[in-house]
Structures are given as C-alpha cells and as structure tokens.
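Trainee: Need coordinates for the following:
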Amino acid sequence: MLRKLACVVLGPLLLAACGPSGGGGATSWKPDYWGHRPGPKGFTTVVLDAGHGGHDSGAVSRSTGAKEKDLALDTVKRVQRKLGGKVKVKLMRSNDHFIDLDDRVDRVSGKGGTILVSIHYNAGPSSMRGPEMYWWRVDSWGLATRLQRELEKTVPGESGNRGQVRRRLRLTRNPDIPSVLVECGYLSNPSEARLCNDAGYRDRLASAIARAILDQQANGDPPGRLPPPINKPPSRPTDPPGS
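Mentor: Prediction:
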C-alpha cells in the first residue's frame, strides 16, 4: 500500500521511481488505479473484448451490410485461437449479446496479471481508412504501440486515420489493468469494408494482434520514453466527446 501511495504522490517523477523507460522490466502486475508504470511483461491472462453486441450493432457498412459487432466477435475468436496454449485467454462475450461498458470494466478490474484488448471496427468519413489504437494508462502505451505497428504491416493502405491516440474512454481509463481499444479498420470506407468482410483478411488482422500481444508478454514495452502520467478521474457516459 505504501509503495502504491508513493507512486501516486510522485506524479511526474513516478516513472523514474517506479520503473524503467521502455524495454519492460520486472514489475508487479497487481491491479493499479492509475497505471503510472511501465507496461506489462510476463502477464498470464488476456481478456479479449468483442465490441458492441446484441441490440448494439456498432458501425454498419453501407457497402457490404456487415455489422461491427459480428466482425469484432469473429476477429476476437480468431485471436483466441492464435493465442491458444501460449497465454490464458478469456472472452468478454462469446456470442451475440450486449454487455454494458461499465459491466465490462467491472469484469476485468481487480484481475492481477491480466490485460484487456477490446476489438472494434471503425466508422467516419468515407476517405478514412486504416487501424487506430486508443489507450490512456502509461502501462498500456507499449501494448498499444506494438498493436499499431503490427496492424500497419498488415493493412494495405491508410488514409487520414488517427493512428495511435491517447484518449480517456471507459475501456481505456476505468479498468485498473493495462487496457487497449483496437479499431481494426473503417467500415465506412468502401474498399476497406470489403477487405474487413473477407474472412482471410480478418485472419491476418487476428495474426497481427496475436503477435503484438505475445511480443509484449515476452519483452515488455518497446524501446522509447514512456508517456507522462496524467491524473484524471474515471470516464463517465456524460463526459463530452474527446474528453
């Protein structure tokens, strides 16, 4: 308890006091409210969260009619198969049913040695395409970086997308474990929507996600200076967009 309090009080000095910059070191992966520490190495469990579900379809492609909730669940199951035997995998949902965002947070919080990867498909202007990665906690930066890099190797082209974004969302700020939200591609872009509707392409996306997760598990954070800690309250449904 004293160590945790000291880390919170130190604020900007925390990273020097509580862990190395990049490269991943030996770190205690007990749940942590702020996550102001290096990213996870040697974690034992991955919770894969398929976005949306049930009455919440998420984005729907005008080109193919595909629904985000279905593509996300299919992708999650592919990632699960590729991680099989290498790390324990739990699915937030294994079929088409709705789970409230706060319930998703409650299901993963308090789980030591665990990371959360929430998988989605995006929507926006028809010209935008490519993967995006949302994270907030310092201990999620390395995983987000690895995921973005691996997906960029797989996606045939990008245009106008936001790339890797630090954003305080309920699934990036509120869990007390490392948490990343993955946007695999834009269903609003006709060309990318057709790709995402192809099972073989989704399998390649799943391979990229699995590689990034296993790389993080084996090596911890990639080289580079960790982002500064930011102390902000949990994300709420009533927060303004982008806050």
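Trainee: Okay, the residue nearest the centre of the chain and L147: tell me how far apart.
Mentor: Against the mean C-alpha coordinate of the chain, by C-alpha atoms, centre = their mean, the closest residue is V180 at 2.0 Å. Taking C-beta to C-beta, to the nearest Å as the measure, V180 falls 6 Å from L147. Backbone N, C-alpha and C define where each C-beta goes, glycine included.
Trainee: anything in contact with each of those two?
Mentor: Jointly contacting V180 and L147 under the rule C-beta atoms under 8 Å, 6 or more residues apart in numbering are 117, 133.
Trainee: Can you tell me which helices and strands the lengthiest helix in the chain packs against?
Mentor: Secondary structure of the chain per DSSP state H: the longest helix is helix 199-219. Applying 3 or more C-beta pairs under 8 Å, 6 or more residues apart in numbering; DSSP states H and E, we find helix 199-219 packed against helix 68-83, strand 114-122, helix 141-154, strand 179-186.
Trainee: re earlier: the residue nearest to the centre of the chain reaches S118, doesn't it?
Mentor: Yes. V180 lies in contact with S118 (C-beta atoms under 8 Å); the separation is 7.2 Å.
Trainee: still on that earlier bit, and A210, which of the helices and strands packed on helix 199-219 is closest to it?
Mentor: helix 68-83 (3.8 Å; C-beta to C-beta).
Trainee: Show me which positions of the following helix or strand past that closest one end up buried.
Mentor: Per DSSP states H and E, helix 68-83 leads on to strand 88-91 as the next helix or strand towards the C-terminus. By 16 or more other C-beta atoms under 10 Å, the buried positions in strand 88-91 come out as 89-91.
Trainee: same question, stretch 205-218
Mentor: By neighbour count on 16+ other C-beta under 10 Å, the buried set for stretch 205-218 is 205-206, 208-217.
Trainee: quick check, nearest of these to L83?
Mentor: Closest approach to L83 among those (C-beta to C-beta): A210, at 5.2 Å.
Trainee: Flag the shaky bits of the protein, pLDDT-wise.
Mentor: By pLDDT under 70, the low-scoring segments of the chain are 1-28, 242-243.
Trainee: ok, back up a step: packed most tightly, which of the helices and strands packed on helix 199-219 would that be?
Mentor: Among the helices and strands packed on helix 199-219, strand 179-186 has the highest mean neighbour count (mean count of other C-beta atoms under 10 Å), at a mean of 28.
Trainee: what pairs with that strand, and is each one parallel or antiparallel?
Mentor: Taking DSSP bridges as the criterion, strand 179-186 forms sheet pairs with strand 114-122 (parallel), strand 132-135 (antiparallel).
Trainee: relative to helix 68-83, how tilted is that strand?
Mentor: Strand 179-186 and helix 68-83 are oriented at 120 degrees to each other (axes from the mean of the first three to the mean of the last three C-alpha atoms, to 10 degrees).
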